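> have a look at this fold, sequence not included:
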């Protein structure tokens, strides 16, 4: 009698989670699967052997990934992280400037409303008492791998505009902006370029020179 034996790897689903699938480019359901080698007789697994590790398999495209891919934030969770970061670092910018400035407070409230429509002046006042400007880098760090360069530049640009609404960017406000930029993974030169660009865009254009013959501008 001919006996056919061999080895095969079987996968067993241990959990189902939501994750960001790099292949699909969006949030998907994924099966966490454990792989084990089996000894087979007539292609039937009969003796379990060594564990071969784990994978995360997308239920949509069926691509298998290393388990570490599940550590990346989903699109939904990234929106929550972004909203919280914008709210906190914007309050830090106001706190480190003239936080009695009505113009700066109004600019800050409007900026945060882009991610939280319910945000208001009273909430800003509460946030000012709670935030620690020294923690700016930690608040935005989870976004470093989750948003594109354009999104990082926009976040910092909005912070600069809020600061400038109070008249100027103070040294303490610039420190918050630098910490936030560093937390986002931007270089010091890149951060300086963003600050300079926004400041230049808000500066009034110089008046044309006067014509000495007429006493009027040309």
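Nice, thanks for sending it over. Computed from a predicted model, the values in this text were never measured in an experiment.

> contacts, neighbours, all on C-alpha from now
Fine.

> so where's the chain uncertain?
Applying pLDDT under 70 to the chain flags residues 1-8, 38-39, 41-44, 46-52, 203-218.

> show me it divided up by domain.
Domain ranges of the chain: 5-71, 75-202, per automatic domain parsing.

> so how far is residue 183 from the most centrally placed residue in the chain?
Centroid-nearest residue in the chain: residue 143, 2.3 Å away (criterion: Cα atoms, centre = their mean). Using Cα to Cα, to the nearest Å, residue 143 is found at 8 Å from residue 183.

> check residue 190 too.
Look at residue 190 and residue 183: by Cα to Cα, they are 13 Å apart.

> these two: which is more packed in?
Neighbour tally, residue 190 and residue 183, criterion other Cα atoms under 10 Å: the higher count belongs to residue 183, 20 against 14.

> ok, the closest residue in space to residue 93 that isn't next to it in sequence - contacts?
Once flanking residues are discounted, residue 93 sits nearest to residue 173: 5.3 Å by Cα to Cα, 6 or more residues apart in numbering. The neighbours of residue 173, taking Cα atoms under 8 Å, 6 or more residues apart in numbering as the test, are 92, 93, 94, 96, 97, 163.

> let me have those residues in a markdown table, adding secondary structure, distance to residue 121 and neighbour count as columns.
Below are the contacts of residue 173 laid out as a markdown table (DSSP: H, G, I helix; E, B strand; the rest coil; distance: Cα to Cα, whole Å; neighbours: other Cα atoms under 10 Å):
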| residue | secondary structure | distance to residue 121 | neighbour count |
| --- | --- | --- | --- |
| 92 | helix | 15 | 27 |
| 93 | helix | 15 | 29 |
| 94 | helix | 12 | 27 |
| 96 | coil | 17 | 20 |
| 97 | coil | 16 | 22 |
| 163 | helix | 16 | 29 |
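
> now stretch 65-85: how far from the chain's centre is it?
In terms of Cα atoms, centre = their mean, to the nearest Å, the centre of stretch 65-85 is found 9 Å from the chain centre.

> what does it contact?
Applying Cα under 8 Å, 6+ apart, the contact partners of stretch 65-85 are 18-21, 26-27, 32, 54-57, 112, 115-116, 139-140, 142-143, 146.

> any idea which of the domains of the chain is most buried?
For these, the largest average neighbour count (mean count of other Cα atoms under 10 Å) is found in domain 75-202, namely a mean of 18.
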